[in-house]
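The following block contains a protein sequence and its predicted model.
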Amino acid sequence: MSARNRSIEIIGAPVDLGQGRRGVDMGPSAIRIADLEPHLEALGHTVVDCGDIDVRIPETLEIGSSNLRYKPAILAACDTLRAEVERSLGAGRVPVVLGGDHSIAIGSVAGVSQHFARQNQSIGMIWFDAHGDSNTPDTTPSGNIHGMSLAISMGLGDPDLVRLGGRSPKVDGRKIVLIGVRDLDPGERDVLKGSGATVFTIRDLDERGMRDIVTQAISIAGDGTAGIHVSFDLDVVDPEDAPGVGTAIWGGITYREAHLAMEILSERANVTSLDLVEVNPVLDDRNLTGILAVELAQSLLGKRIF
């Protein structure tokens, strides 16, 4: 995703069903309030905001299965999002999807994957997250689907979610890179080890630095693929800089490390699409996390210091 002028489409996905703490359904509004659209337009891009997809709220639903909480509603929302992302890419736009919890990636990744599959191409993915999001219904300690979204994209887990859009896996595990992981459930470790995905923990970042990690991530996710989908959970950033997230974990990447990652991706990778997820205004301080999400989108889309 270079600094050249692009046509960008903002798609809101206010899903508040995939995790246990309420508030992330207001994430798209928090990011918009931080002036995402005018900031991207100031970079020379053409920006269209198509609004939010329709999502039901928990108070109107039955939880359902304890190990796949709110599955029917999440499946419906993600299928709608899949279609919107496919349409956006088909129109030559770069979809920027605003979550909502990270279960929305089930839909966004499906849409990107489907679009390129029609051209007989595949995608790679870089997943910034404090967590692995690689549980299955058999390993989940909570039943929250936002903790299964990466596994589902790799073709692992509930058949209905895995087959969303009609094909699976959406991304070959060998073309997936996780960055910033610092909290894994035991079952997730086994899933990830068997998936072929590359996992860079926070210790790896401490030892090697963000530049080397992102450079290697691009070489893995971009090798032989049409481009790279970036899924960015704001909880990968330390709560000091991103206090308003769904599941905060201390010891995350810094403000500048996050920007460096986006700047390197902008300069060296063909980024097809972007998720910004888990912004929770209820837990935030003066919308600092919503503002950070906008700033990171700017860095990925060409903003430079000099």
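Right, received. Where do you want to start?

pretty sure Ser142 contacts Gly18?
No: with contact defined as CB atoms under 8 Å, Ser142 does not reach Gly18; the gap is 10.2 Å. For every residue, glycine as well, the C-beta is placed using N, CA and C.

neighbour count winner among the two?
Taking neighbours as other CB atoms under 10 Å, Ser142 and Gly18 compare with Gly18 leading, 31 against 15.

Let me know the helix or strand that the more buried one is in.
Using DSSP states H and E, Gly18 sits in no helix or strand.

residue contacts, the nearest residue in space to it that is not next to it in sequence?
Counting by CB to CB, 6 or more residues apart in numbering, Gly18 lies nearest to Ser103, which is 3.0 Å off, once chain neighbours are set aside. Neighbour list for Ser103: Val15, Leu17, Gly18, Gln19, Ile74, Cys78, Ile145, His146, Met148, Ser149 [criterion: CB atoms under 8 Å, 6 or more residues apart in numbering].

mind running it again at 10 Å?
By CB atoms under 10 Å, 6 or more residues apart in numbering, the contact list for Ser103 reads 13, 15-19, 24, 69-71, 74-75, 77-78, 133, 144-149, 152, 161, 277.

circling back: what's the overlap in contacts for Ser142 and Gly18?
Here Ser142 and Gly18 share the contacting residues Arg69, Met148, scored by CB under 10 Å, 6+ apart.

which residues in the stretch 101-250 of the chain form helices?
105-117, 149-153, 159-162, 186-195, 202-208, 210-221 (DSSP state H, counting those that start in this stretch).

Name the residues that touch the fourth one?
It refers to helix 186-195. Counting by CB under 10 Å, 6+ apart, 131-136, 138-141, 147-148, 150-151, 154-157, 169, 172-174, 176, 178, 181, 184-185, 197-199 sit against helix 186-195.

How many residues are close by Asp54?
Other residues lying near Asp54 total 9 when counted by other CB under 10 Å.

Nearest residue to it in space, please, no chain neighbours.
Excluding the flanking residues, the one nearest Asp54 by CB to CB, 6+ apart is Thr80, at 6.9 Å.

mind listing what's buried in the helix or strand that contains the one you found?
In the assignment (DSSP H and E), Thr80 maps to helix 71-90. Going by neighbour count (16 or more other CB atoms under 10 Å), the buried part of helix 71-90 is 71, 73-75, 77-89.

How about the residue nearest to the spatial centre of the chain, nearest residue that isn't a chain neighbour?
Centroid-nearest residue in the chain, with CA atoms, centre = their mean: Ser231, separated by 2.6 Å. Distances taken as CB to CB, 6+ apart put Asp275 closest to Ser231, at 4.2 Å, once the chain neighbours are dropped.

residues near the one you found, how many?
Neighbours around Asp275, by other CB under 10 Å: 31.

what are the bridge partners for it, then?
Val97, Ser231 (DSSP bridges).

And the strands in the protein?
Counting by DSSP state E, the segments of the chain that form strands are 7-13, 46-52, 94-99, 124-128, 176-181, 198-201, 228-233, 271-277.

Throw these into TSV and include distance to Pro38 and mean pLDDT, thanks.
Conversion of the strands of the chain to TSV gives the following (distance: least, CB to CB, whole Å; pLDDT from 0 to 100):
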stretch	distance to Pro38	mean pLDDT
strand 7-13	12	98
strand 46-52	8	98
strand 94-99	14	98
strand 124-128	25	99
strand 176-181	29	98
strand 198-201	34	98
strand 228-233	21	98
strand 271-277	16	98
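
Just want the angle from the helix holding Thr80 to strand 271-277.
150 degrees (axes from the mean of the first three to the mean of the last three CA atoms, to 10 degrees).

List the contacts of the residue nearest to Asp54.
The contact partners of Thr80, taken as CB under 10 Å, 6+ apart, are Ile11, Ala13, Ile53, Asp54, Val55, Gly107.

distance of the second one from Thr198?
In this case it means Ala13. 26 Å (CB to CB, to the nearest Å).

out of those two, which sits in the busier spot?
A count of neighbours by other CB under 10 Å puts Ala13 above the other of Ala13 and Thr198, at 28 against 20.

Would you check that the more buried one makes contact with Asp101?
Yes: between Ala13 and Asp101 there is a contact at 9.2 Å, judged by CB atoms under 10 Å.

anything in contact with each of those two?
With CB under 10 Å, 6+ apart, Ala13 and Asp101 have common neighbours Asp25, Gly27, Val277.

now Trp127: how far from Leu17?
In terms of CB to CB, Trp127 sits 20 Å off from Leu17.

where's the helix or strand bottoming out on mean pLDDT in the chain relative to the chain centroid, distance-wise?
One helix or strand of the chain scores below all others by mean pLDDT, DSSP states H and E: helix 186-195, with a mean of 96. Using CA atoms, centre = their mean, to the nearest Å, the mean C-alpha position of helix 186-195 is found 19 Å from that of the whole chain.
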